[in-house]
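Novice: Here's a sequence, model it:
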Amino acid sequence: MLVITGLALVLASCGWGPFNEGRCANAINGSPIRLDGEQVLLTKQQVDCGVNNDLWEPPQDLGSERSTAHLVARGQALKFGDDVIVAEPGQGRPYVQVRGEFPVQVLEIVNMRDNEPGVKLIEVRLGIIVQHSCFATPLPLMGVRKGKFTQDVNPVVRLKQDGDSWIVDRLVH
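Specialist: Presented below is the predicted three-dimensional model:
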């Protein structure tokens, strides 16, 4: 009886039954997401590790409290799309642009709401998974406010119903 109950709970969160946070997270985590010019946050340790592993050059001061680390071929091979912004006025953490298909991990579901029949908008703390020792934890994806990436806004994922399943349609900006 205990095994049957456990199996029923697992199946309910994986695709069947009412839409809930578990089902939502499984839908988002279930397949890689195509990102084109999105921004992810880094830690100072990850920036240093990237320098030590020849993913980008050491940071250069550009004046006005701004510094960048020039991306090199090994960093581009990991689907980083532009130089690392190490310091910039108004931004608390380093960040870098990404381009390509990435596995993702839901870090926290903040809000779920219906958009239209068969479509849900999910505000989520979301991390992308980069297969490199410098990035042992998922890199948090930045959200967009008024057309600009910002570190204090969560991304919004649009899910569409596909039969009995939910699939990621796109990120909403």
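Novice: who's the nearest residue to Ser31 once chain neighbours are set aside bridged to?
Specialist: Nearest residue to Ser31 in three dimensions, chain neighbours excluded: Val168, at 7.0 Å (C-beta to C-beta, 6 or more residues apart in numbering). All C-beta atoms are positioned from the backbone trio N, CA, C, and that covers glycine. Residues found in beta-bridge contact with Val168 (criterion: DSSP bridges) are Leu159.
Novice: Val168 reaches Val156, doesn't it?
Specialist: No. Here Val168 does not reach Val156: they are 11.4 Å apart, not a contact under C-beta atoms under 8 Å.
Novice: And the biggest strand by length in the chain, how far out from the chain middle?
Specialist: If each strand of the chain is counted by residues according to DSSP state E, the longest one is strand 104-116. Here the centre of strand 104-116 is set off from its chain's centre by 12 Å, with C-alpha atoms, centre = their mean, to the nearest Å.
Novice: May I have the strands that pair with that strand, each with its orientation?
Specialist: Strand 104-116 has the following strand partners under DSSP bridges: strand 119-128 (antiparallel).
Novice: all helices of the protein, in order?
Specialist: Listed in chain order, the helices found in the chain under DSSP state H are 2-14, 21-29, 44-52, 73-77.
Novice: any idea how far the residue nearest to Ser31 lies from Pro117?
Specialist: Look at Val168 and Pro117: by C-beta to C-beta, to the nearest Å, they are 18 Å apart.
Novice: Those two: who's more crowded?
Specialist: For Val168 versus Pro117, neighbours defined as other C-beta atoms under 10 Å are more numerous around Val168 (19 against 6).
Novice: Next up, the contacts around that one.
Specialist: Contacts for Val168 were tallied using C-beta atoms under 8 Å, 6 or more residues apart in numbering; they are Ala27, Ile28, Gly30, Ser31, Ile33, Val157, Arg158, Leu159.
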